[in-house]
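Asker: Test case, fold it:
(one chain, ligands or ions: 2)
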Amino acid sequence: TARPVVFSGMQPSSDSLHLGNYLGALVNWVKLQDEVDPIYCVVDLHAITVSQDPAELRASTRRTAAQYLAAGVDPLRSTLFVQSHVPAHAELAWVLGTITGFGEASRMTQFKDKSAKQGADATTVGLFTYPVLMAADILLYGTDLVPVGDDQRQHLELTRDLAGRFNSRFGETFTVPEAYIPKESARIYDLQEPTAKMSKSAASDAGLIRLLDEPARTAKKIKSAVTDTERDIRYDPAAKPGISNLLDIYATITGTPIADLEAQYAGRGYGDLKKELADVVVGALEPIRTRTFELLDDPAELDRILAVGADKAAERAERTLATVYERVGF
Ligand code: ADP
Ligand code: NA
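Answerer: Ligands and ions are numbered 1, 2, ... in the order given. A predicted model of the protein is given here:
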């Protein structure tokens, strides 16, 4: 197809995805389906670079895939699959590892940070070679564009270097991918600590809206959101981070411009905004929650969808791998 290939890999999430994942990432993935050739991969091979509970990993992988489907990832327009189902990822990673400099890999700041936290004995070689596996994920599909946050930028640079190096040593094989920055991308903050990004690693659960939470719990969290001691509902992220975050969430879900929301809430209290926002958020998440549980209650159907995705992915990946094997002399 003429559409650019977009690769996005996400780690299985041990619990439920949160509103930041949904509004900041998933909503864009769903939109992209009409514009690009999307490859969405639950990267369970990456997840075992730190110690895992096997049963928990298996459940998380399925729960994560189910939430993507429930949020609107369409297995007909996207290639949605689980990384470990497609052996070519590990196979290409081996080959790429043999053209990666040890010093080059040693410069990856994410490895340096994570291994410093874990200590040398708890740090695995798998964590060290993680960026090489990520390069394989991307390069197998002729990826043109990779949505990356700041924490993955250096890894994408390594991917580009490896692609260029392989091409110049063995002949034109890989597409050299570019970073993709979505036109508009929401950034959602913690409801209890509205200057910190909403994140699964938050100290407390109270500031986190989870896709699979009971509606009453979601509403309660929104109604307990930290705001400020003023009374006016005005968008000012520096002075009023709590209120601005609520307005951002409202605007992103409903598509209403912030200025219209400010006008709508002129002269009204924070309680009104929170109550109405709770309805908006619950209304948006309820179908996703219901659909996720339906998918998880029908394991055969979820397996079928993931098997079809793995077949689609494997067919493309194996073509690339065959060329690579031939070029390196196998
Ligand atoms: P977390 O920060 O909870 O660990 P991840 O790093 O696993 O989440 O991110 C998964 C995806 O969700 C990424 O595309 C990331 O940019 C997006 N994302 C995560 N948190 C937010 C947030 N608070 N606002 C917007 N997007 C977010
Ligand atoms: Na993170």
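
Asker: show me where the protein has strands.
Answerer: For the chain, strands defined by DSSP state E occupy the ranges 5-10, 37-42, 79-82, 145-147, 178-180.

Asker: for these, which one sits closest to ligand 1?
Answerer: strand 5-10 (5.7 Å; C-beta to the nearest ligand atom). Heads up, the C-betas are built off the backbone N, CA and C, glycines and all.

Asker: For that closest one, which outside residues touch it?
Answerer: 25, 29, 32, 36-43, 46, 64, 68, 83, 134, 137-138, 141-147, 175, 177, 180 (C-beta atoms under 8 Å, 6 or more residues apart in numbering).

Asker: avg pLDDT for that strand?
Answerer: If you average the pLDDT over strand 5-10, you get 94.

Asker: now swap in stretch 155-166 and tell me
Answerer: What stretch 155-166 shows for mean pLDDT is 98.

Asker: burial count for Ala259?
Answerer: 10 (other C-beta atoms under 10 Å).

Asker: got a pLDDT number for the residue in the stretch 201-330 of the chain that ligand 1 sits nearest to?
Answerer: The minimum distance from the stretch 201-330 of the chain to ligand 1, using C-beta to the nearest ligand atom, falls at Ser201 (5.6 Å). What the model reports for Ser201 is a pLDDT of 87.

Asker: give me phi/psi at it?
Answerer: Backbone torsions of Ser201, given as degrees, to the nearest 10, read phi -90, psi 10.

Asker: What distance do you get for it to Asp15?
Answerer: To Asp15, Ser201 is 11 Å away according to C-beta to C-beta, to the nearest Å.

Asker: Between these two, point out the one with more neighbours.
Answerer: Asp15 (15 against 6).

Asker: That one is in contact with Leu211, isn't it?
Answerer: No - Asp15 is beyond contact range of Leu211, at 9.7 Å (criterion: C-beta atoms under 8 Å).

Asker: mind listing what Arg268 touches?
Answerer: Ile233.

Asker: Now do the same for it: its pLDDT.
Answerer: The score at Arg268 is 96. That number is its pLDDT.

Asker: go on, Lys183?
Answerer: Note on Lys183: pLDDT of 72.

Asker: Please report phi then psi for the closest residue in space to Arg165 that isn't next to it in sequence.
Answerer: Excluding the flanking residues, the one nearest Arg165 by C-beta to C-beta, 6 or more residues apart in numbering is Ile99, at 5.6 Å. In terms of degrees, to the nearest 10, the main-chain angles of Ile99 are phi -110, psi 10.

Asker: Report the contact partners of Ile99.
Answerer: Leu162, Arg165, Phe166, Arg169.

Asker: burial measure for Thr292, as a count.
Answerer: With other C-beta under 10 Å as criterion, Thr292 counts 24.

Asker: Enumerate the residues of this protein near ligand 1.
Answerer: 10, 20-21, 24-25, 149, 186-188, 197-201 (C-beta under 6 Å from any ligand atom).

Asker: Buried ones among those?
Answerer: Buried by 16 or more other C-beta atoms under 10 Å: Met10, Gly20, Asn21, Gly24, Ala25, Ala186, Ile188, Met198, Lys200, out of these.

Asker: contacting residues around the fifth one?
Answerer: Read it as Ala25. Ser8, Met10, Pro147.

Asker: Check whether the last one really touches Asn28, as I assumed.
Answerer: Yes - judged on C-beta under 8 Å, Pro147 makes contact with Asn28 at a distance of 7.3 Å.

Asker: Now for these two: what residues contact both?
Answerer: Listed as contacting both Pro147 and Asn28 by C-beta under 8 Å, 6+ apart are Pro182.

Asker: circling back: what do Ser201 and Asp15 both touch?
Answerer: Contacts common to Ser201 and Asp15, judged by C-beta under 8 Å, 6+ apart, are absent.
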